[in-house]
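[1] Sequence first, predicted model second:
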Amino acid sequence: MFHFFERKRLVRKGLASAKIRRRRTHSELLCTLETGKWVRGGIFLLFCIGLASLIFYGAPAQSTEQFVIALLIFATALAQLWVNHPVTFASNSRITLMFGTMLVHLIVTKMILVLGHRESIAHEYVPLIIPYALAPLVCSVLLGKNQGLYAATFVSLWGSIVYWGSPGGRERNAFVYLVMGLICGFVAVFVTLQVRRRSRLVRAGFFVGLATWLLAMTFGHINVPWDIFPLGVDWQTFGGESLAAVGSGILTAMIVSGALPILETMFRMTTDISWLEAADLNHPLLRRLTIEAPGTYHHSLVVANLAESAAEIVGANPTMCRVCAYFHDIGKLVKPEYFTENMRAGRNPHDELAPTMSALIIIAHVKEGVDLALKHNLNQRIIDVIQEHHGTSLVGYFYKRALQQQEDARQGGKIMNIREEDIPEVREESFRYSGPRPLSREAGILSLADAVESASRCLEKVTPNRLEQLIHDIIEKRIIDGQLDECDLTMREIRAISENFACTLTNMLHSRIAYPTDTAARPEPFRFPENAPPVSAA
C-alpha cells in the first residue's frame, strides 16, 4: 500500500512513469508442485492405491497375487518412463495427466464389469462397450504419439489384471481384453498422429470402433452363425452387437473431444486444434498491426511461412511456429515508427536520438510484447516465444554507431584537450536483449526465421547464391554467439533449416520479367472540356 502512494507521488513530480508493465509471476509453490520429487512420489502412491482398490473390490481370494503382478508391471512402467520419456518423468503435471487418465480408464472398465456381473448390462455387451481407447486417445492428443503408445500398452496390461480379478472373470477373457486393448489403443494412436480438427477425433473413434467390431467377431463376442443359411441369421442381435462395438469407439472419441479444453486448461497444454483456433488473423492485436504497423504485419506473415516450413522439415510443431510468428513482434505497436519496416520514406526518427536511446527503444519491444500478450491472455507458449525470439543477441547497428561516435569523440578530444575519462563509455551489455535465449526448438526456429527475413530485405539484388550466403552468415553468428545452445536443435537440423530458408526465400523474392512499354500505342489521357459545367449543376 505504501509503495502505491510513493509511486503516485513520484509520478506527480515526473520522476516515474505512470505506466505499470505487466510481468509474469513465478510462484515457488507451483514450481515445487511441478518438479518436486515428493509430489511425484505421492502421485505414484495414489495411483497404486487406486489400482489396489480396483483389483481387490469384489475379487476372489487370489487377488493378492494379481496385485503383486500389477506392482511389477508398475515398476516396469516407471523404468520405461524414466528411460524413454525423461521430459514427461520430470514434469509432475504430465505424470498426473497420464496416470490419472489411465486410472479413470481402469475405473470405467471396472464399473462396466461390475454392472455386467449384476446383470444391469447384458453379459454379451460387456466386452463390446469397454472404452479401450480412452487413455491412449487422451495421451496421444495431449502428450504425443509415444506417450499414447505407452498408455495403450500399460493400461491394457493393468486392465487385463482387473478383468481377471473381477467377479466372473476368467483367464481367457483377460487375455482377450489384453489383445483388444493393445490393438484398439495402437489404432487410436496411429489415427491421431496429426489431429488439427475435432472431426478427426470422431474419425479416430470410428476406426477404433471398427477394430473393436472385427476383434469381437474374431474372438466370438459377436455371434454370427456363418454355418446357417443367411435367412436364418439373427440379424437383430448381430446389428445390436455391431452397433455397440462401433458406437463405443465413437462415443469415447466424442467424450475425449469434449474433455480436451478442460484438460488443456488444467494442465497448461495446447493441442494443434487450439493452435489452429489461435491462428485467427482477426485477433484484436493482429488487426491493430494491419493498421498501425503494416510493415511489421507483413514481416510477421513471412516469418510465419518460413518458420512453419522449417518446422515441418525437422519434426517440430509447425502450427505452433505459425501462431507464435504472428504475435512475436506485437510489442512494436507501442512505437511502430521507430522500426525500419514501418518508417516513412525520407524520415528516420533515430537520426535525432543517441544510439543508446535508439537501442533502448528497439530492445523494449520485447517487454512491450510480453505486456500486451499478458493483457490479452495469450497462450503461455506464445509469451515465451515473444520473450525468447531475440535471446541475448546484440543490436549491432546501434552498437557500431555508438562505437563510431565514441571514436569521433576521442579524436575530437585530442584537439579540444578533453580527458579520456570524460568520454562516455560504451558497454556492450547496454545493447543486448535481456533474454532468455530460445529454450524450445520452435523458439529457436522462429528466432532464425525472424533474423533471416529481416536481413533478406536489405539485399539489393536477390540471387540464390547471395541468399544462401546471407543465411549461412546469420546462422553462423547465432551459433558462435551461443544463441542456440539451449533449444535442442542439432547441427543436422540447423543445416536442414538453412536449406529450407534459402529455398522458401528464393521462391518468395524471385525477380520478375521487366515488360517493355509501348509509348506509341499508349492512348491520350482523358481531359474534361474547359467549359464543362460543375457536377453540382448537372
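    Looks like it came in fine.
[2] How about the contacts made by the closest residue in space to residue 402 that isn't next to it in sequence?
    Nearest in space to residue 402, with sequence neighbours left out and distances taken as C-beta to C-beta, 6 or more residues apart in numbering, is residue 355 at 3.8 Å. Any C-beta I mention is one placed from the backbone N, CA and C, and that applies to glycine too. With contact taken as C-beta atoms under 8 Å, 6 or more residues apart in numbering, residue 355 is in contact with 398-399, 401-402, 405, 431.
[3] what does residue 269 give?
    For residue 269, the contacting residues are 97, 142-143, 263, by C-beta under 8 Å, 6+ apart.
[4] Provide the secondary structure category for it.
    Following DSSP: H, G, I helix; E, B strand; the rest coil, residue 269 is assigned to coil.
[5] where's it relative to residue 349, distance?
    According to C-beta to C-beta, to the nearest Å, residue 269 and residue 349 sit 42 Å apart.
[6] and if you look at residue 460?
    From residue 460 over to residue 349 (counting by C-beta to C-beta), the distance is 24 Å.
[7] same deal with residue 406?
    Per C-beta to C-beta, residue 406 is found 22 Å from residue 349.
[8] Between residue 460 and residue 349, which is the more surrounded one?
    A side-by-side neighbour count of residue 460 and residue 349, using other C-beta atoms under 10 Å, places residue 349 first with 14 against 5.
[9] what residues does stretch 117-131 touch?
    For stretch 117-131, the surrounding residues in contact (C-beta under 8 Å, 6+ apart) are 58, 105, 108-109, 112-113, 115-116, 166-168, 173, 176-177, 180, 212, 216, 221-223, 241, 244-245, 248, 251-252, 255.
[10] rewinding a little: in helices, which of the contacts of residue 269 fall?
    97, 142, 263 (DSSP state H).
[11] Please tabulate those in JSON lines, including the columns distance to residue 184 and neighbour count.
    Converted to JSON lines, the ones in helices among the contacts of residue 269 look like this (distance: C-beta to C-beta, whole Å; neighbours: other C-beta atoms under 10 Å):
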{"residue": "97", "distance to residue 184": "20", "neighbour count": "21"}
{"residue": "142", "distance to residue 184": "19", "neighbour count": "21"}
{"residue": "263", "distance to residue 184": "21", "neighbour count": "17"}
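[12] of all those, which comes closest to residue 329?
    For the ones in helices among the contacts of residue 269, the residue nearest residue 329 by C-beta to C-beta is residue 142; the value is 29.4 Å.
[13] got the contact list for that closest one?
    Residues in contact with residue 142 (C-beta under 8 Å, 6+ apart) are 97, 260, 263-264, 267, 269, 271.
[14] So residue 290: helix, strand or coil?
    Per three-state DSSP, the local secondary structure of residue 290 is helix.
[15] Counting neighbours, what do you get for it?
    Neighbour count for residue 290, taken as other C-beta under 10 Å: 12.
[16] now do residue 66
    What residue 66 shows, counting by other C-beta under 10 Å, is a neighbour count of 19.
[17] rewinding a little: and of the ones in helices among the contacts of residue 269, the nearest to residue 327?
    Checking the ones in helices among the contacts of residue 269 against residue 327 with C-beta to C-beta, the nearest one is residue 142 at 22.6 Å.
[18] What is the neighbour count of residue 237?
    Per other C-beta under 10 Å, the neighbour tally for residue 237 reads 13.
[19] hang on, it is in a helix, isn't it?
    Yes. Assessed with three-state DSSP, residue 237 lies in a helix.
[20] Tell me the pLDDT of the spatially most central residue of the chain.
    With distances taken as C-alpha atoms, centre = their mean, residue 320 lies nearest the centre of the chain, 4.3 Å away. What the model reports as pLDDT for residue 320 is 94.
[21] okay but it is in contact with residue 442, surely?
    Yes. In this structure residue 320 lies within contact range of residue 442 using C-beta atoms under 8 Å: 5.2 Å.
[22] mind showing which ranges of the stretch 51-200 of the chain have poor pLDDT?
    Applying pLDDT under 70 to the stretch 51-200 of the chain flags the ranges 59-62, 165-172.
[23] What segments of it are helices?
    For the stretch 51-200 of the chain, the helices defined by DSSP state H, counting those that start in this stretch cover 63-84, 86-90, 92-117, 126-129, 134-142, 145-165, 171-191, 198-218.
[24] so which of these gets nearest residue 488?
    helix 86-90 (10.3 Å).
[25] quick one: least confident helix or strand in the chain?
    Lowest mean confidence among the helices and strands of the chain (mean pLDDT, DSSP states H and E): helix 2-13, at a mean of 61.
[26] Sort out which residues of stretch 443-462 are buried, please.
    Of all the residues in stretch 443-462, those buried under the rule 16 or more other C-beta atoms under 10 Å are 443-454, 456, 462.
[27] what's around the closest residue in space to residue 488 that isn't next to it in sequence, how many residues?
    Of all residues not flanking residue 488 in the chain, residue 441 sits nearest, at 5.6 Å (C-beta to C-beta, 6+ apart). Number of residues near residue 441 (other C-beta under 10 Å) recorded here: 21.
[28] Residue 326 contacts residue 304, correct?
    Yes. Here residue 326 reaches residue 304: they are 5.8 Å apart, a contact under C-beta under 8 Å.
[29] Need the overlap of contacts for these two.
    By C-beta under 8 Å, 6+ apart, residue 326 and residue 304 have no common neighbours.
[30] Just put the contacts of residue 269 in TSV and tack on distance to residue 331.
    Rendered in TSV, the data for the contacts of residue 269 read as follows (distance: C-beta to C-beta, whole Å):
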residue	distance to residue 331
97	33
142	30
143	32
263	31
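[31] which two in those are spaced the farthest apart?
    Maximum pairwise distance among these (C-beta to C-beta): 10.5 Å, between 143 and 263.
[32] so what's in contact with the two at the same time?
    Contacts common to residue 143 and residue 263, judged by C-beta under 8 Å, 6+ apart, are 97, 269.
[33] So for residue 23, what's the pLDDT?
    As predicted, residue 23 sits at a pLDDT of 62.
[34] mind checking pLDDT for the residue nearest to residue 402?
    pLDDT recorded at residue 355 is 90.
[35] And for the one 4 residues further on?
    In this model, residue 359 is scored at 93, pLDDT.
[36] swap in residue 537?
    42.
[37] which residues does residue 220 contact?
    Residue 220 touches nothing, counting by C-beta under 8 Å, 6+ apart.
[38] My reading is that it lies in a strand. Confirm?
    No. Checked against three-state DSSP, residue 220 lies outside a strand; its state is coil.
[39] how near is it to residue 456?
    Taking C-beta to C-beta as the measure, residue 220 falls 66 Å from residue 456.
[40] And residue 442, by the same measure?
    Distance, residue 442 to residue 456, by C-beta to C-beta: 21 Å.
[41] Ok, residue 289 next?
    20 Å.
[42] I'd like to know how many residues surround residue 375.
    Residue 375 is flanked by 10 other residues according to other C-beta under 10 Å.
[43] Per-residue pLDDT of it, please?
    92.
[44] now do residue 228
    pLDDT for residue 228: 48.
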